[in-house]
Structures are given as C-alpha cells and as structure tokens.
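Visitor: Quick one: sequence and predicted model below, then my questions.
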Amino acid sequence: MTMQPWFADAKLGIFLHWGIYAVDGITESWSFYGGDVPYEKYMKQLDGFTAKNYDAEAWAGLFARAGARYAVLTAKHHDGVALWDTAQSDLSVASRTPAGRDLLAPYADALRRHDLKVGFYFSHLDWSHPDYPTLRHQDPERPWMADNPYTMPPEGKEDPEGWERFLAFHRGQLRELVTGYNPDLLWFDGQWERSERQWRMKELRDELLGMKQDMILNARMLGYGDYATPEQGVPITPPDGPWELCYTVNNSWGYRGFDRDHKSVGLLVRTFAETISAGGNLLLDVGPKEDGTITPEQTSRLEGLGAWIRRNAEAVYGTERGLPAGHHYGPSTLSKDRRTLYLHCLDAPRTFVTVRGLVNAVKRVSVLGTGEVLAHRTFGGFQHVPGVLSIDAPATADPHITVLAVELDGELELYRGAGHG
C-alpha cells in the first residue's frame, strides 16, 4: 500500500465539485443520466461556463484558514467534461467553454504555495464517451444499470474493441493528470459499472504508482485503493484502517443556487470532531459557482470551522483515534505519544465531566483555548477496577465544543472489563 503519513495527520480536506453543472445549478452528471434533463440541454451549459472570477490563490487561502491540509477538485466528473486541456478529446473547458483555459494548474500551484496537498477527483466512467457503453458488467445481479444507454449496450451488442479504445482514453487522461500536475492524491469514483477485471484495476494501480510512487489512491479502485470513503454520515462502526468522510456543507455536491439549507458551523464542528475521534478525516465539500467564486454562505462555514480548529489545534493535528464508546459521553482524541487525552464536550459542561475505566493517574487537566486548569478527582473503584474520573466544569465554554486536555502519568491504559463482584 502507498498510504502516506501526511494523510492521517491532515484531518481536514476540502472537496470541490466544480463543472458546467454550476451554470444552470443542476445535479452534476446524474441529471441527464436519469432523464431529468436532456443530454443536449445539459451540454448547452458549456456555453455559459466562464470561470471569469476564478482565483485559485483565494481558494487556497480560504482552505488554509479553514484548517485543511489538502483539497480534492473534480478534474472530470461522470459527464466527461475535463477541467484541463486534455489531448485525449475536445470535451474540456479549455476547448469548449468561454473559460478557454486549463483550470487545474492554478489550483495545484496555489495549494502548494499554502503547503496544502493536491488532490484530483477523476471519474472512471464517462457517460459522454462513445466507446464507454460497449461492455456489460460481468455480474448479472446488476440489472438496474442494464437499460441505460449511457452505461452499457443491449445484450448481444458488446464491442470489445470499443472497450479497448475507451481504456486507452481512460489511461491517457490519467497519465496527463499525473505527469502534468504531480498530484499527491487521486480520488476515484464511478467504478461500479464494470468489474475489477474489466477495469484491470491492479494494472492501473501499478501504472499510476510507476509514475508517482508516493501518490495516494482512494478505495474506489475495487480492492486496489488505500483508504475508505464513506459519504454523508459518520459511520457507527468506523472502517478498519485509514478512512475519510466526504460531506457536503449544504445538501448538494455542486453549486445549486436554490439549496440554502447550509449546515451550521456548530454542526460541522461536531461532525468533524466525531470523525477524527473515530480515526478518520473529514473531506468537506463546497460547490463553486460557474464563475469560480465560492458563495459567502459556504465561505463563512469554512472560516467558522477553521476558527474552532485554531483554538483547539493541539487536539486535532498529531492525534489519533480516541476512546472506545462507553468511556466518555462524546468524542475524544489521543496524542501520538498516548499520554494526553482530549475530551471533546459536545455541550457546555455544567457541573462536571467524567471518564470511566481510566487506569492511569491524571497529572493535570486544562481547557484548550483558555488555558484554565481544572480540579479533578476520582470516585469509587475497587481492586483492579478503576473509579470514575470527575473533572470540574470550566468557567467558560467554547461556543461549539469545549476541549479538555487530560495529561496522564503514562501511556493511556483502559479497563474494559465487566467489573468486580
């Protein structure tokens, strides 16, 4: 595996769904696939995509203020429209829109100036390419895809030579991305319409890492990726190994002007804390407008999250998965040396905060952001069963989540038994 240490330490990434679908504010790609919008009308949006106010430096500065350590931009969604001047076809913003230029290079350059890692989203499938719907999935239990002409041909109408042409196109575009922009991460999607064998995923992984050995690949490689990517909700049981929750600021991935249902800063902070407590990263999505600007509502959410992260950076960066469920009523993180436990109090503590099953002695408890030192004591306990640590509530609370730093006398040790009796 090629998982790099920077990923687990990053904690927050910014996801950007930007493409021609922002012109009319409709669902990216799926709107024509499902028949909500005719394909010709969808592609007419090419004429309105200007990127006239696109300022990659402003994007990167905003992401840095949000506390992000990486970003992922949709280089190509399922509609097949590339955000760079691809030599593999003319379906790109450089060739077919008023934007008339490569949009990836400014993004990659600006991120690196702000010490952010560079990621690209890339759709394996391409519902605009004439050679894509030339094979049927090898699994007969997928009938829901069989009747859509963007996906696969009717039975008996397969064209293996056409599929070979598509794979050459697919590989050619990925070579352009890797050799042209040197990304740190490729975020794949659209793998489900073919089998691993049809995509030749192992071969693809070997080819990609042959070009850039330290590049990370997400899990949408049918067994050949590096980390899991659950969507839109913190998993009850976190995936094994590294993972990332992709999550929208409102209810849409791309820009949709009517979608005003933006999550509050408080909810985003809570989701972020729950995610990192379970050992994951949060990939928080925004949808720029067709001109390249990010709306004030989404900007304010990123800045609000960033302000909380700055107050509590010690409990974010350089930490790992916190306490198992049952020890503390809320998320927690643990320092890399396992000697400081960070309790994330979702509601303002009123009288006391407790931790159960803590074997260690506590040296000191303080409040991040204010430095207030809190009194603490342990109640109960019998023989090998530790008592309950009780920490006095702080005088002031954070407007979103108050974090208490509990300094231990050694590496964290927990009691996980059924008690004594």
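Guide: Thanks, I have the structure now. Numbers count the residues shown, from 1 in each chain.
Visitor: rest of the way, CA atoms for contacts and neighbours
Guide: Fine.
Visitor: Specify the beta-bridge partners of Thr378.
Guide: Per DSSP bridges, the residues bridged to Thr378 are Leu389.
Visitor: For Phe382, report the pLDDT, please.
Guide: Phe382 carries a pLDDT value of 65.
Visitor: Gly369 too?
Guide: Taking Gly369 on its own, its pLDDT is 95.
Visitor: need the contact list for it.
Guide: Residues near Gly369 by Cα atoms under 8 Å, 6 or more residues apart in numbering: 311-312.
Visitor: Quick one: the helices in this structure, in order.
Guide: Using DSSP state H, the helices of the chain run over residues 5-10, 21-24, 30-33, 39-43, 56-65, 93-96, 104-113, 160-181, 196-199, 201-211, 265-277, 296-311.
Visitor: Report the inter-axis angle for the fifth one versus helix 104-113.
Guide: Here helix 56-65 runs at 40 degrees with respect to helix 104-113, directions being taken by axes from the mean of the first three to the mean of the last three Cα atoms, to 10 degrees.
Visitor: distance between helix 56-65 and the chain's centre?
Guide: On the basis of Cα atoms, centre = their mean, to the nearest Å, helix 56-65 sits 17 Å off its chain's mean C-alpha point.
Visitor: For that helix, name the packing helices and strands.
Guide: Identification of packing neighbours for helix 56-65 by 3 or more Cα pairs under 8 Å, 6 or more residues apart in numbering; DSSP states H and E yields helix 104-113, helix 296-311.
Visitor: ok, and for that helix, which residues are buried?
Guide: Across helix 56-65, burial judged by 16 or more other Cα atoms under 10 Å covers 56-57, 59-60, 62-65.
Visitor: Stretch 238-257: end-to-end distance?
Guide: 33 Å (Cα to Cα, to the nearest Å).
Visitor: Any buried residues in that stretch, and which?
Guide: The neighbour-count check on stretch 238-257 (16+ other Cα under 10 Å) flags 238-239, 242-250, 252-256 as buried.
Visitor: So Leu189 versus Arg200, what's the distance?
Guide: No, residue 189 isn't Leu; it's Asp. The gap separating Asp189 from Arg200 is 15 Å, by Cα to Cα.
Visitor: Can you tell me the closest non-neighbouring residue to Pro106?
Guide: Closest residue to Pro106 apart from its sequence neighbours, by Cα to Cα, 6 or more residues apart in numbering: Ala56 at 5.8 Å.
Visitor: Assess the claim that that neighbour and Ala110 are in contact.
Guide: Yes: Ala56 is within contact range of Ala110, at 5.9 Å (criterion: Cα atoms under 8 Å).
Visitor: Counting neighbours, what do you get for Arg96?
Guide: 17 (other Cα atoms under 10 Å).
Visitor: What pLDDT is listed against it?
Guide: pLDDT, Arg96: 98.
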